[in-house]
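Trainee: build me a model from this:
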Amino acid sequence: MNRLRSFKQRWGILGLIAIAWIVTLGVCALFGHLFTSHLNQDLKNRLQAPSFSHPFGTNNLGIDMLGLAIKGARISVLVGLAATAIGFIGGSLVGLTAAYWRGRTDRVILTFLDASAAFPSFVAAISVVLFWGKSVRNVVLVIGVLTIPVIARIVRAASLPLVERDFVLAARMQGSRHSQIIVRELIPNVIRPLLGFAMITVGITISVEGGLSFIGAGVPDNIVTWGQLIASGRATVEGSPHLVLIPASLIFGTILALNTLSSKWLRGRPFPIVKESVAETTVSANASDAAKMISSNPPTDVVLSIENLHTYFSTPFGSLRAVDGVSLQLRRGQMVALVGESGSGKTMMARSLLGLVPSPPRVAGLPGRVMFDGQDLLSLSSEELRKIRGRRIAMIFQDPMTTLNPVMRVGRQIADTATLHLGLSKKEATRRALELLIEVGVPDAQRRMRAWPHELSGGLRQRIGIAIALAAEPEILIADEPTSALDVTIQRQLLDLLDRLRRYRGLSILFITHDMGIVASRADEVAVMYSGRIVEQGSTLEVFAHPRMPYTRALLASIPRIDHESHKKLAVIGGIPPIAIGPRVGCAFAPRCPDVIDACRTEIPQLVGDTHQAACIRNVVGVT
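Mentor: Just a heads-up that it's a prediction; the model follows:
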C-alpha cells in the first residue's frame, strides 16, 4: 500500500495518465497484429464518421480506422525506438569521446557537430530516403544518423564537468583503463538525464516519420503507419476530417505523454508538504513539564524568533525529518553559533527560514513560525519573501566558487545587489561596491573590482561573498560554514572580519559550523543540533564549561588542544548520524552515546533548563 502511494506521489496524476497511454501504446504495438490481421473493405460503409460500431470511423475503402490505428502503432513505435537507439548509441560514443579526451579530439568533434547543426536535416532525410528507396530500414537509419549530432552535444555537455571531478582522478590514479572509467564513472552519472531526453527523442522521431510519410518520402505505401494514415486521408479531409485528425491526435498524444514522463523522470520525486501528522511517541512527563518553549511574545531586542520549526520531505521510504521542531532566538547584535555534524539539519534549517528549500517549511498539523519584524516568514508570499532576502536577511554560503557567477566580474555582482535592493544608480552602486571591498579587507580593491571569480583565492572569494551579503545593509547575516574550505590563517581573518562587522554595524549573525573550536571566543550563544533538533543551547561560556548533553561533550572532546601531548589520539564520535525517516522513537543519539540508559531508547528528551538547556533523559531522571 505504501509503495502504491509512493508511486502515485512520484508520478502525479499527469504522470499516471502518461504511463497509461504509453502502456496501451506498447500493448497495441506488440499484440495489435493479432486483432487487426483481418481488416476487410466495406465500400457500403466508406467514410463513416466515428460511431459506436466504428469508434474512429472508416476510411475511403470502408476499413475500420481503429484497426488501422492499432496496426499503424506497430511500425510507428518501431521507427521511434530503433532510430532513437541508433542516435543515442552513436551520440553517446561521440559525446563521451569528446568530453573525456578533450583537446584536439574535442575540437575536431565540435567542428563536425557545428557543421551538422547548420545542415537542414529534414531535407537531407527526404533526399536520402528517395535516393535509396522507401523502406522502414532506410527511414530508421536516416533518422537515427541525423539524431547523432544532437545527442552527442548533450552527452558532451553532461560529461565535461564530471571529467574534472575527483572520483575520475582517483580512478585514473588506481590504474583503471580509459574504457573502465567511461563505463563505470561517467556513464552512470549521465544516464538519468540521457534517459529523460531519450523519451522526448522517441516522440520526435515518430513525428519525423509521420512528416516523411505525409510527403511521400517515408515508408512504402503498403505499410500502415500513423503518418501514412494522415497522407491517405488528406484527399478527403474536407468531408471526412477524422481521417487526418485521429492519427494526428495519436502522434500528438504520444509526444505529450513522452514529454510528461521525461519531465517527471528528470525532476525526480517532488518534495511536497508532509500532510500526515507526526506519530505519537513516548515522552517523559517530567521532560514535558520542564521543557520551555520560546514565548509567543519575544522580547523587543529579539530580531528573529524561530518557534517549533519543522521541515519534512517525502521520500520513497517515508517522511524525512530534516528539521524537527527547532526553536531559537537571535537578538540584535548577537552571534549565535549553530553547531553539529554534517547532516544534522543546520543548513536546511537556515534555508527553511527564507523558503529556500524544495518544499515549504510548514508541516500540516504541526505549529511553527519564524517571526521577523512582526511577520511570520513562513506565511509570506514569494514576492514578499523576495523583498526580505538579501535586503534584510542575507546569507553567506559555504563554497564561494559555486555561488559567485563565473561569467560576471565581482564588482558588478556586488553592485547589482545594491542596485536591486537600494535603488542606487550604476555609478553609486559601483562606488558602494568599492567601499564594501575595502571594508571587508580586499587588497587593491580598485583592481579587484574587475576581477573574475576564478582569478581570486578562496579567502578573497569568501570576502567577496561577504561584501555581496552586506551590499543592501541587512539586519541579519546567516553564515553557512563560511570558513570550512579555508586554511586556519584565513579562517582567523574572516572570523575577525565578521566579529568586527557585527560590532560596528550591529549585525545579528547566525553562524553555522561543525567545528566548535572556531566559535569558542566569538559566539555569544551556542546551539548544538543533532538529527534535526537542538539538543543543547546556552551561553558559550556555560556550554563549553559545563556541557550537559553527551553529544556536546563528544564534540568538545574532538577539538585538538595545544595543552595535550602531541602523540595523544584525538577523540572521535563512534557510529554515524541517523537518517531521520519515520516516527522518532527515543533519543536519536542513543545508538552512539557512551552514557545511554534504557529510558534513552524509548523516551524523547526535551530541552530542560532556563538559560542553559539540554535535551538528555539522564538530566530528567537524575542519573549522573
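
Trainee: name the residues of stretch 445-463 that are buried.
Mentor: A445, R448, M449, A451, P453, L456, G459, L460, R461, Q462, R463 (16 or more other Cβ atoms under 10 Å). In this view, the C-beta of every residue, glycine as well, is placed from N, C-alpha and C.

Trainee: which of the residues you listed sits closest to A18?
Mentor: P453 (41.4 Å; Cβ to Cβ).

Trainee: pretty sure that closest one contacts G411?
Mentor: No. Using Cβ atoms under 8 Å, P453 is not in contact with G411; the gap is 11.4 Å.

Trainee: show me the contacts for the residue nearest to I182 when sequence neighbours are not counted.
Mentor: Distances taken as Cβ to Cβ, 6 or more residues apart in numbering put L96 closest to I182, at 5.5 Å, once the chain neighbours are dropped. For L96, the contact set (Cβ atoms under 8 Å, 6 or more residues apart in numbering) comprises V155, R156, S159, I182, L186, I187.

Trainee: show me what the helix or strand harbouring the second one is packed against.
Mentor: Just to be clear, that refers to R156. R156 is part of helix 136-163, with elements assigned from DSSP states H and E. If you count contacts as 3 or more Cβ pairs under 8 Å, 6 or more residues apart in numbering; DSSP states H and E, helix 136-163 packs onto helix 65-101, helix 103-117, helix 121-132, helix 187-214.

Trainee: mind checking what secondary structure G325 has?
Mentor: Three-state assignment for G325 (DSSP: H, G, I helix; E, B strand; the rest coil): strand.

Trainee: how about the helices in the stretch 351-500 of the chain?
Mentor: Here the stretch 351-500 of the chain has its helices, by DSSP state H, counting those that start in this stretch, at 382-388, 400-403, 410-422, 426-439, 445-448, 458-470, 488-505.

Trainee: what angle do helix 488-505 and the next helix or strand after the last one make with each other?
Mentor: Sequence-wise, the next helix or strand downstream of helix 488-505 (DSSP H and E) is strand 508-513. Orientation note: strand 508-513 sits at an angle of 160 degrees relative to helix 488-505 (axes from the mean of the first three to the mean of the last three Cα atoms, to 10 degrees).

Trainee: which outside residues touch strand 508-513?
Mentor: Residues contacting strand 508-513 (Cβ under 8 Å, 6+ apart): 303-304, 330-339, 346-347, 350, 475-481, 483-484, 498, 502, 519, 522-523.

Trainee: so for stretch 607-614, what gets flagged as buried?
Mentor: By neighbour count on 16+ other Cβ under 10 Å, the buried set for stretch 607-614 is L607, V608, G609, H612, Q613, A614.

Trainee: so which of these belong to strands?
Mentor: Using DSSP state E, the subset of the buried residues of stretch 607-614 located in strands is Q613, A614.

Trainee: what distance do you get for the residue nearest to Q48 when sequence neighbours are not counted to L47?
Mentor: Once flanking residues are discounted, Q48 sits nearest to T58: 4.5 Å by Cβ to Cβ, 6+ apart. Remark: distance between T58 and L47 (Cβ to Cβ, to the nearest Å) = 6 Å.

Trainee: who has more neighbours out of those two?
Mentor: It is T58, of T58 and L47, that has more neighbours when counted by other Cβ atoms under 10 Å, with 27 against 16.

Trainee: may I have the beta-bridge partners of that one?
Mentor: Legend: beta-bridge partners of T58 under DSSP bridges are D64.

Trainee: residues in contact with it?
Mentor: Per Cβ under 8 Å, 6+ apart, neighbours of T58: D42, N45, R46, L47, Q48, D64, M65.

Trainee: who wins for neighbours among those residues?
Mentor: Neighbour tally across these (other Cβ under 10 Å): the maximum, 24 neighbours, falls on M65.

Trainee: any idea how far the residue nearest to I182 lies from V155?
Mentor: According to Cβ to Cβ, L96 stands 6 Å off from V155.
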